[in-house]
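Visitor: need the 3D shape of this:
(chains A and B)
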Amino acid sequence: MANPADTDRFEQQRQEKLSQIEAMGLDPYGARYEDVEPAALVKARYQDGDESQRARSAGRIVLLRDIGKLIFITLRDRTGTIQVGLSKGMLTDQWPLAKLLDIGDIIGAAGKLGKTKTGEITIWVEEGGLTFLSKCLFQPPEKFHGLADVDQRYRQRYVDLWANPEVLDRFQKRSEIVATIRRFLGSKGFVEVETPMMQAIAGGAAAKPFITHHNALDLDLYLRISPELFLKRLLVGGMERVFEINRNFRNEGLSRHHNPEFTMMELYQAYADYRVMMDITEEIVSACIETLGLSAKVQFGEAEIDFARPWRRAKYADLLKEYSGCNIDDIAAIRAKARVLQIDDAGMDDPVVVNEVFETTVEHKLIAPTFVIDYPAILCPLAKRSRTDPKYAERFELFVVGMELANAYTELNDPAVQYENFLHQLRGQDESLTKMDTDYVTALKYGMPPAGGLGIGIDRLVMVLTGATTIRDVILFPLLKPVAPENK
RNA sequence: GGGAGUGUAGCUCAGAAGGUAGAGCAACGCACUUUUAAUGCGUAGGUCCUGGGUUCGAAUCCCAGCACUCUCACCA
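Guide: Model prediction:
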């Protein structure tokens, strides 16, 4: 927006056309417009040679070719585009209105459906069939290159969506992915629930929360960092299969893989364990791939991801050995490796150093979907320990293109162990966060069925399945710094 | 917070070495009844991010700032 005066120049030209439309006795912002047929359906049902066909569509003018006494318009709606033809010969009273149309305007078009001699299916508007529905007062972005300014694309997503069709397509796919997950879980008997977004204790994960305040109760509350502890209370209550798809909020940095608010699907299934969760994860992702009509091999940037089942299941310790060369029990070697990797391990507990080395040497190497299983138990205060080797917890994280996509446990349901884990977790933490969810321990004391739990990051799943390399491309309105008033 | 890059017309972008700014699209005008990013001719449109500095002269070189992008760090 370099010069406001110039913006005004273009806007005033369009404002003038708006006035002319008003002068014709028309409302430049339209009204209810019914019996609209999506562009894609119109094109699909067209029969060659049938002269009696008619059509009625509405959408935004994205291209306009004025040949004098003939105007061709490319109209875009949510399903695609269709050509609209306006001819002086067919229109009498409405021809002046046709000549006022600008790229960006929203119109309805009704008339004969036919083909031009170049083979384009076209709605030939008849007198009275042109309906002005909304004026666009701004210059649209360049018609061929679209909107490229990254900042403006996110700030003005409403322009991005119609200037760059692949953006709309990606968000439609996101909707289909979420719908597929709901359908899949519904078919398995899972019940969808909603648990608190505002929590007095931000539990279920270890991330910095956002703080808010309830005035009437004079109560500080946290935006949730995880729904986990509430969903597991529902297991206690007898909801044996529950899930929630909703936002989590974490007050941490932004990156191409992180947005402060992100969408998580969490599910809990009584009498299952983390191995069942691995199967469900594969089934959910495979169902989404099928919905989107993808093959098992999905292109992502330079990489190709092979989702053919079964996916690799590898132990944490084995992967650590494979990629860092360190034996997980050889803490001296791991600390030496950490220093080589420029990790400052001073003051870090052994398991934390191990995990640091794991994260820097292993995670980004996991391109094909890989279940990393059996984490050091100390890192997993909400997971049940392995019966065969209690140093490890029955937990997996799923990695794809180096990105954590899912996290699952065999859920810890022993209240005494849970209490101990909470105590240990709180040690040395920030004063403001040192609150234990004792009610959760109480819930466990009533008896929680053994269960498996799974969380899938929806944004990242959409990234992987739509080839988006930054999370901002799968969130309609990602967090941005507000524009300073003087830069507006 | 560190590093790198970008910032030029409404949009997409050119502007080697310092000489006062260009194209395509969009807009406006004219022509055109079968176009497909329509075409042809013409017109108009700029605080070259901001502020300093060097210079006879800065979009260009230097310094500082701002915004954005990428990247590293932080991040159970």
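
Visitor: quick one: is the longest helix along chain A near RNA strand B?
Guide: In chain A, assigned by DSSP state H, the helix with the most residues is helix A:165-187. No - with Cβ under 7 Å from any atom of the strand as the measure, helix A:165-187 is seen stopping short of RNA strand B, the closest distance being 12.6 Å. Glycine gets a C-beta too; all of them are placed from N, C-alpha and C.

Visitor: after that helix comes which helix or strand?
Guide: Per DSSP states H and E, helix A:165-187 leads on to strand A:191-192 as the next helix or strand towards the C-terminus.

Visitor: given that next one, what are its sheet partners and their directions?
Guide: When sheet partners are counted by DSSP bridges, strand A:191-192 sits next to strand A:241-249 (parallel).

Visitor: ok, and for the helix or strand where residue A:220 lies, which residues are buried?
Guide: Residue A:220 belongs to strand A:219-223 when assigned by DSSP H and E. For strand A:219-223, a neighbour-count test (16 or more other Cβ atoms under 10 Å) marks A:221-223 as buried.

Visitor: ok, stretch A:109-123 next?
Guide: A:109-114, A:121-123.

Visitor: from these, which ones fall inside strands?
Guide: With DSSP state E as the criterion, strands contain A:109-114, A:121-123 from among the buried residues of stretch A:109-123.

Visitor: quick one: residue A:427 and residue A:349, what's the gap?
Guide: For residue A:427, the distance to residue A:349 equals 11 Å [Cβ to Cβ, to the nearest Å].

Visitor: so between these two, which is more surrounded?
Guide: In this view residue A:427 and residue A:349 are compared by other Cβ atoms under 10 Å, and residue A:349 has more residues nearby, 11 against 7.

Visitor: quick one: low-confidence ranges for chain A?
Guide: Low-confidence regions of chain A, defined by pLDDT under 70, span residues A:1-7, A:428-434, A:483-488.

Visitor: ok, which stretches of the stretch 301-450 of chain A are helices?
Guide: A:316-324, A:331-340, A:350-361, A:415-426, A:438-445 (DSSP state H, counting those that start in this stretch).

Visitor: out of those helices, which comes closest to residue A:163?
Guide: In terms of Cβ to Cβ, the element of those nearest to residue A:163 is helix A:350-361, at 38.8 Å.

Visitor: packing partners for the closest one?
Guide: The criterion is 3 or more Cβ pairs under 8 Å, 6 or more residues apart in numbering; DSSP states H and E, and the helices and strands that helix A:350-361 contacts are helix A:316-324, helix A:331-340, strand A:370-376.

Visitor: closest point of the stretch 251-400 of chain A to RNA strand B, which residue?
Guide: Residue of the stretch 251-400 of chain A nearest RNA strand B, by Cβ to the nearest atom of the strand: residue A:253 (3.6 Å).

Visitor: helices and strands around the strand holding residue A:220, which ones?
Guide: Counting by 3+ Cβ pairs under 8 Å, 6+ apart, the packing neighbours recorded for strand A:219-223 are strand A:198-199, strand A:211-214.

Visitor: turn those strands into JSON lines, columns for distance to RNA strand B.
Guide: As requested, the helices and strands packed on strand A:219-223 are arranged in JSON lines below (distance: least, Cβ to the nearest atom of the strand, whole Å):
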{"stretch": "strand A:198-199", "distance to RNA strand B": "15"}
{"stretch": "strand A:211-214", "distance to RNA strand B": "16"}
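
Visitor: winner for burial among those strands?
Guide: Comparing the helices and strands packed on strand A:219-223 on average neighbours per residue, with mean count of other Cβ atoms under 10 Å, the densest one is strand A:198-199 at a mean of 17.

Visitor: tell me what that strand is packed against?
Guide: Packing contacts for strand A:198-199, counted by 3+ Cβ pairs under 8 Å, 6+ apart, involve strand A:219-223.

Visitor: which strands and helices lie in contact with the following helix or strand past the strand it packs on?
Guide: Along the chain past strand A:219-223, the next helix or strand (assigned with DSSP H and E) turns out to be helix A:228-236. Of the remaining helices and strands, those touching helix A:228-236 by 3+ Cβ pairs under 8 Å, 6+ apart are strand A:241-249, strand A:261-270, helix A:438-445, strand A:451-457.

Visitor: of all those, which one comes closest to residue A:388?
Guide: It's strand A:451-457; of those, that one is closest to residue A:388 (Cβ to Cβ) at 17.5 Å.

Visitor: next structured bit after the closest one?
Guide: The element immediately downstream of strand A:451-457 (helix or strand, assigned by DSSP H and E) is helix A:458-466.

Visitor: so is that following helix next to RNA strand B?
Guide: No - under the criterion of Cβ under 7 Å from any atom of the strand, helix A:458-466 makes no contact with RNA strand B; the nearest approach is 12.4 Å.

Visitor: chain center to that helix: distance?
Guide: Mean-position distance between helix A:458-466 and its chain equals 7 Å (Cα atoms, centre = their mean, to the nearest Å).

Visitor: what angle do it and strand A:241-249 make?
Guide: Here helix A:458-466 points in a direction 100 degrees away from that of strand A:241-249 (axes from the mean of the first three to the mean of the last three Cα atoms, to 10 degrees).

Visitor: which strands and helices sit next to helix A:458-466?
Guide: Packing partners of helix A:458-466 (3+ Cβ pairs under 8 Å, 6+ apart): helix A:165-187, strand A:261-270, helix A:274-291, strand A:297-300, strand A:403-410.

Visitor: go with 6 Å
Guide: Taking 3 or more Cβ pairs under 6 Å, 6 or more residues apart in numbering; DSSP states H and E as contact, the helices and strands that helix A:458-466 lies on are helix A:165-187, strand A:261-270.

Visitor: just the CA coordinates for the longest one, please, in PDB.
Guide: Output of helix A:165-187 as PDB, limited to C-alpha atoms (Å, rounded to 0.1, in the frame of the first residue of the first chain):
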ATOM      1  CA  PRO A 165      -7.200 -21.400  -6.600                       C
ATOM      2  CA  GLU A 166      -4.800 -24.000  -5.200                       C
ATOM      3  CA  VAL A 167      -5.300 -22.300  -1.800                       C
ATOM      4  CA  LEU A 168      -9.000 -22.900  -1.800                       C
ATOM      5  CA  ASP A 169      -8.400 -26.400  -3.000                       C
ATOM      6  CA  ARG A 170      -6.000 -27.100  -0.100                       C
ATOM      7  CA  PHE A 171      -8.500 -25.900   2.500                       C
ATOM      8  CA  GLN A 172     -11.300 -28.000   0.900                       C
ATOM      9  CA  LYS A 173      -8.900 -31.000   1.300                       C
ATOM     10  CA  ARG A 174      -8.400 -30.100   4.900                       C
ATOM     11  CA  SER A 175     -12.200 -30.200   5.400                       C
ATOM     12  CA  GLU A 176     -12.300 -33.600   3.700                       C
ATOM     13  CA  ILE A 177      -9.500 -35.000   5.900                       C
ATOM     14  CA  VAL A 178     -11.300 -33.900   9.100                       C
ATOM     15  CA  ALA A 179     -14.600 -35.300   7.800                       C
ATOM     16  CA  THR A 180     -12.900 -38.600   7.000                       C
ATOM     17  CA  ILE A 181     -11.500 -38.900  10.500                       C
ATOM     18  CA  ARG A 182     -14.900 -38.100  12.100                       C
ATOM     19  CA  ARG A 183     -16.600 -40.700   9.800                       C
ATOM     20  CA  PHE A 184     -13.900 -43.300  10.500                       C
ATOM     21  CA  LEU A 185     -14.100 -42.900  14.300                       C
ATOM     22  CA  GLY A 186     -17.900 -42.700  14.200                       C
ATOM     23  CA  SER A 187     -18.000 -46.000  12.400                       C
END
